[in-house]
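1. Please work out how this folds:
(4 chains)
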Number of protein chains: 2
Amino acid sequence: MATRRRGEELERAILHAAAEELRESGYAGMTMDRVAARAGTNKNAIYRRWPHRAALGIAAYRHLSDATMPNPDTGTLRGDALEMLRQANQTWSSPHGVVLRGLLAAAADDPTLLDLMRERSGADTMDRAWLTMLERAVARGEAPPGAVHPRVASMPMMLLRAEYAMRGIPSVPDEVLIEIVDDVFLPLVRGRA
Amino acid sequence: MATRRRGEELERAILHAAAEELRESGYAGMTMDRVAARAGTNKNAIYRRWPHRAALGIAAYRHLSDATMPNPDTGTLRGDALEMLRQANQTWSSPHGVVLRGLLAAAADDPTLLDLMRERSGADTMDRAWLTMLERAVARGEAPPGAVHPRVASMPMMLLRAEYAMRGIPSVPDEVLIEIVDDVFLPLVRGRA
DNA sequence: GTCAATAAGGTACGCGACGTACCTTATAAG
DNA sequence: CTTATAAGGTACGTCGCGTACCTTATTGAC
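-> Numbers count the residues shown, from 1 in each chain, chains lettered A, B, ... in the order given. Got it, this is the predicted structure:
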């Protein structure tokens, strides 16, 4: 080894190693010893930076995903909404999604960790995207002004999340997304006239 | 000890002990050794009946709650819906709810366990209750026939669940329940005319 | 009433994994 | 050049799950 890494550089190496472990084994399979070994360091260096495994897992998660926020503009509210849900469904059923759900499960009983998760997972910017989507629909005369409402905007994603939480892992079928849009979301928008 | 317990009797004793542990320490704090000790037996007797901790936890959960299904009839759809949500909110924020959420988190990555959970937690009968609620509203002329729809019926509970999953533990404030009913559920029912 | 089959009790252990303690060694800063 | 700071090495303590193996009680068949 040329020289001994410290500070920033070492921290990045640890996060990188942790992210790889997450990708390969999920959060449940990510062990501190393996992360340390993979980063070419030891557990001390990790515990000097993060208080416990969960914190490292959450911190490493951002290294896994670029969190590219979709912003579809298909010309119709229905098309936009379906596209948003499909993108989300794809993310959640990908390996990233498996990791994310593992982290959520681990954080479930610790509000501190949940807050960290919300930051990292970009749930807030997601709600923003839905709101601007609704605003565009109102501008087109496709939806009544009353439809621009935070609870309306967040509802479809919440239903999707709940779908994942109830059923097992693999992926939510496309018909369910269509039902969410056609049987729930659009009628709700209409009903808020 | 008078005589050595076996079969049914022993099984009940184990489940009872496990339920007590769940109540006192939640699922995360329920250890096999403590359950065995509390039941006055040893781990063998447990592992001969359940393959692992999670299975015991789920089996013991039913000993904790009587699962009394509410069926309010306040005369208005709004009143019924609010009452349902309030009851659910109370259950979920009680000690039982803490246990339930711990179990859900533990089962999150195992479809087998999730199925067990759904059986035990009576989610299906819950959806039934919402559907009959909607049917009553239709009969009163308070809602259009199109409102009787499984996704409409399950939506409010799903939103409540998601609220718990996102925020931490304690309890969802009543204003949120009111928003779910007034800003989402009722407009949706209206919109399905 | 005797005797096998079955189930419970006792005890110990392997193992994986978290988090900690303590010391040694390199690097940076004054 | 010296001293503070941070990294590396290594070994533990602790918990808790799940298993193995043997001893002891109970039951039911003969």
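2. Tell me which residues touch A:Leu64, please.
-> A:19, A:22-23, A:96, A:99 (C-beta atoms under 8 Å, 6 or more residues apart in numbering or on different chains). All C-beta spots, glycine's among them, are computed from the backbone N, C-alpha and C.
3. domain parsing for chain A?
-> Taking automatic domain parsing as the reference, chain A has its domains at A:7-61, A:77-191.
4. Which two of the contacts of A:Leu64 have the greatest separation?
-> Greatest spatial distance in those: A:Ala19 and A:His96, 10.5 Å, computed using C-beta to C-beta.
5. And those two? Which one has more around it.
-> Using other C-beta atoms under 10 Å in any protein chain shown, the more surrounded residue of A:Ala19 and A:His96 is A:Ala19, with 21 against 18.
6. Please name every helix or strand in contact with the helix or strand the more buried one falls within.
-> Using DSSP states H and E, A:Ala19 maps to helix A:7-25. When contacts are defined as 3 or more C-beta pairs under 8 Å, 6 or more residues apart in numbering or on different chains; DSSP states H and E, helix A:7-25 packs onto helix A:32-39, helix A:43-47, helix A:53-61, helix A:95-107.
7. any idea how far A:His52 lies from A:Pro145?
-> Going from A:His52 to A:Pro145 by C-beta to C-beta, to the nearest Å gives 47 Å.
8. Could you do A:Asp183 as well?
-> According to C-beta to C-beta, A:Asp183 stands 23 Å off from A:Pro145.
9. Check A:Pro95 too.
-> 41 Å.
10. Repeat that for A:Met157.
-> The gap separating A:Met157 from A:Pro145 is 22 Å, by C-beta to C-beta.
11. now the residue minimising distance to the centre of chain A, nearest residue through space, not along the chain?
-> Nearest to the mean C-alpha position of chain A, counting by C-alpha atoms, centre = their mean, stands A:Ser121 at 4.1 Å. The spatial neighbour of A:Ser121 that comes closest, neighbours along the chain excluded (C-beta to C-beta, 6 or more residues apart in numbering or on different chains), is A:Leu100 at 6.7 Å.
12. Isn't the one you found up against A:Arg62?
-> No - under the criterion of C-beta atoms under 8 Å, A:Leu100 is not in contact with A:Arg62, lying 11.0 Å apart.
13. Please compare those two by neighbour count and tell me which comes out ahead.
-> With neighbours defined as other C-beta under 10 Å, A:Leu100 and A:Arg62 compare such that A:Leu100 has more, 22 against 15.
14. near DNA strand C, which residues of chain A?
-> A:3-4, A:6, A:29-33, A:43-44, A:47, A:52-53 (C-beta under 7 Å from any atom of the strand).
15. Right, I'll call it a day here.
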